[in-house]
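Trainee: quick one, what's the 3D model for this:
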Amino acid sequence: MRIGQVAPVLFSTFIAFACGSNGDESKVGGGTGASANNGSGAGTGIDINPSGSTTGNPGGGGSSVDESSACAKSSADGEPIQVDLYFMVDITGSMNCPVPDNGVACDPMISSPPATGESRWSVVSKALKAFVADPANQTLGVGLKFFPSRNNICNVNSYVMPTVEIGALSTTSQPLTAAIDMQTPNGSTPTVPSLTAAIQHATTWATQNPTHKVAVVYATDGQPNGCGVSNGNAMQEAMAVTQAAGVALKAALGTPAIPTYVLGVGPNLDNLNAIAQNGGTKAAFLVDTSGNAAAQLSAALASIRNTSASDCSYRIPPPPAGETLQDANVNVTFTNSAGVVTSVLQDPKDTPCSAGSGWQYSTDKTEITLCGKACSDVKADTGGKIKLLFGCATVVGSPPK
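Mentor: The predicted structure follows:
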């Protein structure tokens, strides 16, 4: 539910002119177990019945909102929000280490893969190619860069230009797969310059594509080494991670905001959590190479897909000139491909989307996201249509049980 977009689902919005004391607003209450967020539940209100027509609510305790309400006086079409992921992927020498590692330490500067069995790189590359080929990801935008470079390894500019530019997987899947197949792991781990460059490129892309959500996925199998960090020097490694975490924090708080997801493959990588935390993604996805690394990698990539952004998110267009959007006067309906209209209730305040079943605002209230069953229903019916109705008091659902 968290990445991509449901491209076939249409998105229509109705933006209210200032409604003053329109009598219809006082009649909008909750549906079953719901109440309007202005506390009003009096009046008859309206509900949508299975035939698609509207009918009075005999309970008088709340209703859905009809799009023909006098409060809805203009409309604008929109699309679900496009989500782009920019991968910065480790191809250092330690990616040649065997999987599973059986608890045996591996030289981080190893130059050749094991004679038999899997290496970290073979497992990672297969997982990346499976991610690129997965139909569930085809509405994503994906780009890719590898590190270290073969020249000027510590120079940020060596990593700014992508190997494959961000683009819809429907057009970039073949170049991405070909680029992955061409890599030969070797060299040390320039964490700070490679992450800095990834964020710089993602920021530039987001600035050029202001309607997209863009995130960095930083995939690495080791602690920083090289570029002033001696291999095995815990203090220097910690300082480099702290510096990288600072870079991630600045990006997460920037405009546009760029979150950083961290995918760690290998032992003893807990301090990579600091980069993910500062990057606004809570914790790194750490794959234990003493176990089934392939399954863990697939699960980690799926989790990144499901948590980086919602494929049920929609941007709220600005109101017409001279009008003001009242965020307490917004309602949502879903019309399925058979023409049946269903109200989607707003989730109660402070309900996490993972526990919700209706819709929620983004933090800055420029977007809405459908959660739980609401998102599932929309995704399951590609011929359906989402509408936002502006001007009547928001109908709020019951708290999750």
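Trainee: secondary structure class for Asp350?
Mentor: With DSSP: H, G, I helix; E, B strand; the rest coil as the basis, Asp350 sits in coil.
Trainee: and the gap between it and Thr116?
Mentor: Look at Asp350 and Thr116: by CB to CB, to the nearest Å, they are 53 Å apart. Using the backbone N, CA and C atoms, a C-beta is placed for each residue, glycine as well.
Trainee: tell me which element the nearest residue to Asp327 once chain neighbours are set aside is part of?
Mentor: In space, and not counting its chain neighbours, Asp327 is closest to Lys365: 5.2 Å by CB to CB, 6 or more residues apart in numbering. Applying DSSP states H and E as the criterion places Lys365 outside every helix and strand.
Trainee: burial of Lys365, as a residue count?
Mentor: Using other CB atoms under 10 Å, Lys365 has 11 neighbouring residues.
Trainee: ok, it touching Arg315?
Mentor: No: using CB atoms under 8 Å, Lys365 makes no contact with Arg315, being 11.2 Å away.
Trainee: where does this structure have low pLDDT?
Mentor: 1-79, 308-311, 320 (pLDDT under 70).
Trainee: where along the stretch 201-350 of the chain do the helices fall?
Mentor: Applying DSSP state H, counting those that start in this stretch to the stretch 201-350 of the chain gives helices spanning 234-252, 273-278, 293-308.
Trainee: tell me which of the ones you listed sits most buried.
Mentor: Ranked by mean neighbour count under mean count of other CB atoms under 10 Å, these are led by helix 273-278, which reaches a mean of 21.
Trainee: start to end distance for stretch 217-228?
Mentor: End-to-end distance for stretch 217-228, by CA to CA, to the nearest Å: 24 Å.
Trainee: what are the buried residues along that stretch?
Mentor: 217-227 (16 or more other CB atoms under 10 Å).
Trainee: equivalent analysis for stretch 141-148, please.
Mentor: Counting neighbours by 16+ other CB under 10 Å, stretch 141-148 gives 141-148 as buried.
Trainee: ditto for stretch 125-144
Mentor: 125, 127-128, 131-132, 134, 137, 139-144.
Trainee: for the closest residue to Pro256 other than its chain neighbours, give me its contacts.
Mentor: Excluding the flanking residues, the one nearest Pro256 by CB to CB, 6+ apart is Ala206, at 4.1 Å. Each residue near Ala206 by CB atoms under 8 Å, 6 or more residues apart in numbering is listed here: 84, 212-214, 256, 258.
Trainee: was I right about Asp181 contacting Ser125?
Mentor: Yes: with contact defined as CB under 8 Å, Asp181 counts as touching Ser125 (7.4 Å).
Trainee: hang on, Gln183 in a strand?
Mentor: No: Gln183 sits outside any strand when classified using three-state DSSP, being coil.
Trainee: next, count neighbours for it.
Mentor: Gln183: 15 neighbours (other CB under 10 Å).
Trainee: okay, Ala219 and Val241: tell me how far apart.
Mentor: In terms of CB to CB, Ala219 sits 15 Å off from Val241.
Trainee: wait, I meant Val265
Mentor: Distance from Val265 to Val241, counting by CB to CB: 16 Å.
Trainee: count of residues packed around the closest residue to Ala252 other than its chain neighbours?
Mentor: Spatial nearest neighbour of Ala252, chain neighbours left out: Gly280 (3.8 Å); criterion: CB to CB, 6+ apart. Here the count is done by other CB under 10 Å, and Gly280 has 17 residues near it.
Trainee: measure Gly280 to Cys392 for me?
Mentor: From Gly280 to Cys392 the distance is 34 Å (CB to CB).
Trainee: do the same with Val241
Mentor: 51 Å.
Trainee: ok, Ala245 next?
Mentor: Taking CB to CB, one finds Ala245 at 45 Å from Cys392.
Trainee: also Phe285?
Mentor: For Phe285, the distance to Cys392 - CB to CB - is 42 Å.
Trainee: which of these two has more neighbours?
Mentor: Using other CB under 10 Å as the criterion, Phe285 and Cys392 rank with Cys392 on top: 29 against 23.
Trainee: what helix or strand does the more buried one sit in?
Mentor: Applying DSSP H and E, one finds Cys392 in no helix or strand.
Trainee: one more: Gln360?
Mentor: Going by DSSP H and E, Gln360 is in strand 359-361.
Trainee: my guess is His212 contacts Leu85. True?
Mentor: No: with contact defined as CB under 8 Å, His212 does not count as touching Leu85 (10.6 Å).
Trainee: give me the common contacts of the two.
Mentor: Common contacts of His212 and Leu85 (CB under 8 Å, 6+ apart): Gly141.
Trainee: the two: which is more packed in?
Mentor: Per other CB under 10 Å, whichever of His212 and Leu85 has more neighbours is Leu85, with 27 against 17.
Trainee: measure the more buried one to Gly339 for me?
Mentor: Counting by CB to CB, the gap from Leu85 to Gly339 is 36 Å.
Trainee: start to end distance for stretch 81-100?
Mentor: Termini of stretch 81-100 sit 39 Å apart (CA to CA).
Trainee: with stretch 205-215 instead?
Mentor: 10 Å.
Trainee: got it, and stretch 141-154?
Mentor: End to end - CA to CA - stretch 141-154 spans 28 Å.
Trainee: can you check stretch 344-356 too?
Mentor: Terminal-residue distance, stretch 344-356 (CA to CA): 11 Å.
Trainee: and what of stretch 149-159?
Mentor: End to end - CA to CA - stretch 149-159 spans 7 Å.
Trainee: outside of it itself, list whatever touches it.
Mentor: Contacts of stretch 149-159 (CB under 8 Å, 6+ apart): 88, 145, 147, 187-188, 190, 193-194, 196-198, 200, 226-228.
Trainee: go again with 7 Å.
Mentor: Under the contact criterion CB atoms under 7 Å, 6 or more residues apart in numbering, stretch 149-159 has outside partners 145, 147, 187, 190, 193-194, 196-198, 226-227.
Trainee: those residues in helices, which ones?
Mentor: 193-194, 196-198 (DSSP state H).
Trainee: which of the residues you listed are buried, as a ChimeraX select command?
Mentor: Here is the ChimeraX selection string for the buried members of the ones in helices among the contacts of stretch 149-159, based on 16+ other CB under 10 Å:
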select :193,194,196,197,198
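Trainee: as TSV, the ones in helices among the contacts of stretch 149-159 with distance to Asp270 would be great.
Mentor: TSV is the format used below for the ones in helices among the contacts of stretch 149-159 (distance: CB to CB, whole Å):
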residue	distance to Asp270
Pro193	23
Ser194	20
Thr196	22
Ala197	25
Ala198	21
